[in-house]
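Visitor: Here is a sequence together with a model predicted from it:
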Amino acid sequence: MKTGCVAVVAVLALTPTLTAAEPSLGLFEKSADVGVVLHPGSATFDPTAKAYTVTGSGENMWFAKDALQFVWKKWEGDLSFAADIKFTGEGKDPHRKACLMVRQSLDADAAYFDVAVHGDGLTSLQFRDAKGANTHEVQANVTKPTRAKLVRKGKYALLYLAGAGEELKFSGCAVRVSFDGPVYVGLGVCAHNKDVSETAVFSNVELTAKLPESAKPTLYSTLETQALTSTDRKVAFVTPTRIEAPNWLSDGKTLIYNSGGKIYRIPAAGGKPEAIDTGFAVRCNNDHGVSPDGKTLVISDQSQTDRKSRIYTLPVEGGKPQLVTEKAPSYWHGWSPDGKTLAYCAERDGEFDVYTIPVGGGAETRLTTAKGLDDGPEYSPDGKHIYFNSDRTGQMHLWRMTADGSEQVQITDDEFNNWFPHPSPDGKTLVFLSYDKGVKGHPENKDVTLRRMTLADKKIDVLGRFFGGQGTVNVPCFSPDGRRITFVTYQLIP
């Protein structure tokens with residue numbers, strides 16, 4: 001987490017100060033210090049080298065206000081903005097930042113997004129989605145890039161990165177932000193230390209409104225983790241294929257997900273995916289998870305000849321699946337804390353309802369009978385309740401019932417369609433996925449919002465707004481210590 005801005009006792013303007021009689025700044029119109037700085041910044045352009053040298057001071061670019069040197073021009077609409085980025089000197093602070101930036105205004109607390117390359121190599125897509133709001137970020141799993149590209153495409157900002165000798169590639173970092181009217185696009189430098197100035201050189205700068213197009217764009221999936229204290233996100237893995245429904249192994253260091261009918265494990269910090277041996281079950285869907293003791297994997301698979309989903313268990317390291325549900329289709333979602341019972345959604349006689357069954361198989365118990373879809377059942381950590389989602393009132397909302405199916409109570413009532421409630425390990429919050437009211441079902445490739453409810457007062461806040469839906473957060477998503485969650489976001493890339 002970044003450190004915050006500290007009040008500075010000085011006679012300084014909070015609004016930008018433009019440099020007088022500025023020489024040519026190439027593609028850009030003006031340079032300015034944004035926010036409180038002790039040492040005025042500067043920006044110069046070398047037309048021979050086609051390079052911009054930007055020097056900036058400033059305490060930080062974080063929380064609700066920024067302090068930096070910014071060289072900019074006004075812009076409207078989509079854009080593609082790329083540059084080679086290199087700091088000069090050793091630097092005083094590892095979090096000094098060189099940025100490609102788009103700002104709603106030159107105010108210190110303006111809404112913005114940028115690619116921030118830090119002095120220590122950390123690279124992230126930072127954003128403030130409203131004036132005066134806190135800054136958040138999506139950290140890339142690429143460090144010390146030599147070239148970066150920021151793309152504004154409609155209401156999305158996307159980050160591309162390249163190492164030495166590499167082509168620019170989509171980093172997996174993308175956020176949904178909406179600005180009104182013209183914006184300011186340009187180069188920024190922040191020293192992350194109010195007492196010094198730092199310098200970065202931006203070369204081979206390209207700024208264009210023309211974005212690549214293709215008749216059939218490629219779907220990219222980004223596996224992410226998010227710290228719940230800061231709500232900042234980190235890319236673990238990005239791939240030009242569909243991956244879905246990540247959750248954690250008991251070590252808190254490893255994620256699993258499904259893709260192409262198989263289940264994969266991958267380090268949460270990033271690395272190479274490894275397929276888990278699931279024997280004959282090679283048509284796994286996105287309803288899988290891990291037992292409370294961390295030893296057993298549960299999967300929902302459609303490898304039988306009727307291609308209907310059934311629930312199986314197997315050792316978490318891989319092995320032969322053991323059938324749990326004879327009847328189909330059945331889709332796993334929850335495991336009781338004592339390890340004895342599975343909760344799942346199943347279609348029987350044309351109705352989708354919540355059922356439970358002993359983990360070793362046997363007779364299933366139907367818990368819901370309302371007309372419509374009841375789905376996504378997951379146990380509370382004390383085992384006394386099951387959370388689920390239901391459209392029995394005409395709109396999809398979150399519900400809670402006792403573990404035997406009694407006392408069914410609706411717990412959301414807003415303008416969204418709410419899916420897949422995931423209780424935190426301490427039982428105090430729910431994380432869930434929200435679609436706009438007009439979206440039916442839980443389709444893929446939609447604008448969605450990941451939200452969190454505090455159960456004591458039913459207060460709801462936003463964890464993220466992105467492109468996702470089916471596959472984003474279908475199964476339990478909390479790390480064992482409750483400090484992080486995992487999910488998948490998507491983008492269609494030309």
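Guide: Yep, it's here. Residues are numbered from 1 along each chain as shown.
Visitor: just the strands in the stretch 301-450 of the chain please.
Guide: Remark: strands assigned in the stretch 301-450 of the chain by DSSP state E, counting those that start in this stretch are 310-315, 322-323, 330-335, 341-348, 351-358, 365-366, 374-379, 385-390, 397-402, 409-410, 417-423, 429-435, 446-454.
Visitor: just so I know, which of the ones you listed lies nearest Lys210?
Guide: Nearest to Lys210, of all the strands of the stretch 301-450 of the chain, is strand 446-454, at 24.3 Å by C-beta to C-beta. For the C-beta atoms, the positions are set from N, CA and C on the backbone; glycine is no exception.
Visitor: quick one: buried residues of the next helix or strand after the closest one?
Guide: Using DSSP states H and E, the helix or strand that directly follows strand 446-454 along the chain is strand 459-468. Residues 460, 463-468 are the ones in strand 459-468 that count as buried (16 or more other C-beta atoms under 10 Å).
Visitor: can you give me the mean pLDDT across stretch 210-227?
Guide: Stretch 210-227 carries an average pLDDT of 95.
Visitor: So what would you say the end-to-end distance of it is?
Guide: 35 Å (C-alpha to C-alpha, to the nearest Å).
Visitor: if we can go back for a sec, quick one: the buried residues of strand 459-468 as a markdown table, columns for distance to Val36 and pLDDT too.
Guide: Shown next, in a markdown table, are the buried residues of strand 459-468 (distance: C-beta to C-beta, whole Å; pLDDT from 0 to 100):
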| residue | distance to Val36 | pLDDT |
| --- | --- | --- |
| Ile460 | 34 | 98 |
| Leu463 | 30 | 98 |
| Gly464 | 30 | 97 |
| Arg465 | 30 | 97 |
| Phe466 | 32 | 97 |
| Phe467 | 36 | 98 |
| Gly468 | 38 | 98 |
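Visitor: how about the residues you listed in TSV, adding distance to Asp46?
Guide: Formatted as TSV, the buried residues of strand 459-468 follow (distance: C-beta to C-beta, whole Å):
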residue	distance to Asp46
Ile460	51
Leu463	43
Gly464	40
Arg465	40
Phe466	39
Phe467	39
Gly468	43
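Visitor: what two of these are the furthest from one another?
Guide: So, the buried residues of strand 459-468 by C-beta to C-beta: farthest apart are Ile460 and Phe467, at 20.9 Å.
Visitor: Quick one, grab the pLDDT at the closest residue to Gly188 other than its chain neighbours.
Guide: With C-beta to C-beta, 6 or more residues apart in numbering as the criterion, Gly188 has its nearest non-adjacent residue at 4.0 Å, and that residue is Cys99. Per-residue pLDDT puts Cys99 at 98.
Visitor: now Gly362
Guide: For Gly362, the model assigns a pLDDT of 98.
Visitor: From Gln304, how far off is it?
Guide: Gly362 sits 19 Å away from Gln304, going by C-beta to C-beta, to the nearest Å.
Visitor: the more surrounded of those two?
Guide: The neighbour count for Gly362 versus Gln304, taken as other C-beta atoms under 10 Å, is higher for Gln304 (14 against 11).
Visitor: measure that one to Ala191 for me?
Guide: According to C-beta to C-beta, Gln304 and Ala191 sit 62 Å apart.
Visitor: My understanding was that Asn258 contacts His288; is that so?
Guide: Yes. Asn258 lies in contact with His288 (C-beta atoms under 8 Å); the separation is 6.2 Å.
Visitor: Could you tell me which residues touch both of these two?
Guide: Common contacts of Asn258 and His288 (C-beta atoms under 8 Å, 6 or more residues apart in numbering): Ala245.
Visitor: Of those two, which one has the most company?
Guide: Between Asn258 and His288, His288 has the larger neighbour count (other C-beta under 10 Å), namely 29 against 26.
Visitor: Bridge partners for the residue lying closest to Asp414 once chain neighbours are set aside, pull those for me.
Guide: Among residues not flanking Asp414 along the chain, Ile460 sits closest, at 7.7 Å (C-beta to C-beta, 6+ apart). In this entry, Ile460 is beta-bridged to Met453, by DSSP bridges.
Visitor: any idea how the chain splits into domains?
Guide: 17-208, 218-493 (automatic domain parsing).
Visitor: Show me what counts as buried in the helix or strand containing Pro246.
Guide: In this structure, Pro246 sits in strand 244-248 according to DSSP H and E. Using 16+ other C-beta under 10 Å as the burial criterion, the residues of strand 244-248 that qualify are 244-248.
Visitor: same thing with stretch 418-433?
Guide: Buried residues in stretch 418-433 (16+ other C-beta under 10 Å): 418-424, 429-433.
Visitor: Equivalent analysis for stretch 358-370, please.
Guide: For stretch 358-370, by 16+ other C-beta under 10 Å, it's 359, 361, 364, 367-368.
Visitor: Likewise for stretch 408-421?
Guide: Neighbour count says stretch 408-421 has 408, 412, 416-421 buried, by 16+ other C-beta under 10 Å.
Visitor: Next: stretch 259-266.
Guide: Neighbour counts over stretch 259-266 (16+ other C-beta under 10 Å) mark 259, 262-266 as buried.
Visitor: Secondary structure added to those residues, as a markdown table?
Guide: Converted to a markdown table, these look like this (DSSP: H, G, I helix; E, B strand; the rest coil):
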| residue | secondary structure |
| --- | --- |
| Ser259 | strand |
| Lys262 | strand |
| Ile263 | strand |
| Tyr264 | strand |
| Arg265 | strand |
| Ile266 | strand |
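Visitor: okay if I get these as CSV plus distance to Leu158?
Guide: Output for the buried residues of stretch 259-266, formatted as CSV (distance: C-beta to C-beta, whole Å):
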residue, distance to Leu158
Ser259, 22
Lys262, 28
Ile263, 29
Tyr264, 25
Arg265, 28
Ile266, 22
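Visitor: Where does pLDDT dip in this structure?
Guide: 1-22 (pLDDT under 70).
Visitor: Recalculate using a threshold of 80.
Guide: Scanning the chain with the threshold set as pLDDT under 80 gives 1-23.
Visitor: Secondary structure element holding the spatially closest residue to Leu122 that is not a sequence neighbour?
Guide: Leaving aside its chain neighbours, Leu122 sits nearest to Thr143 (6.3 Å; criterion: C-beta to C-beta, 6+ apart). Using DSSP H and E, Thr143 sits within no helix or strand.
Visitor: what's the neighbour count on Thr143?
Guide: Neighbours around Thr143, by other C-beta under 10 Å: 14.
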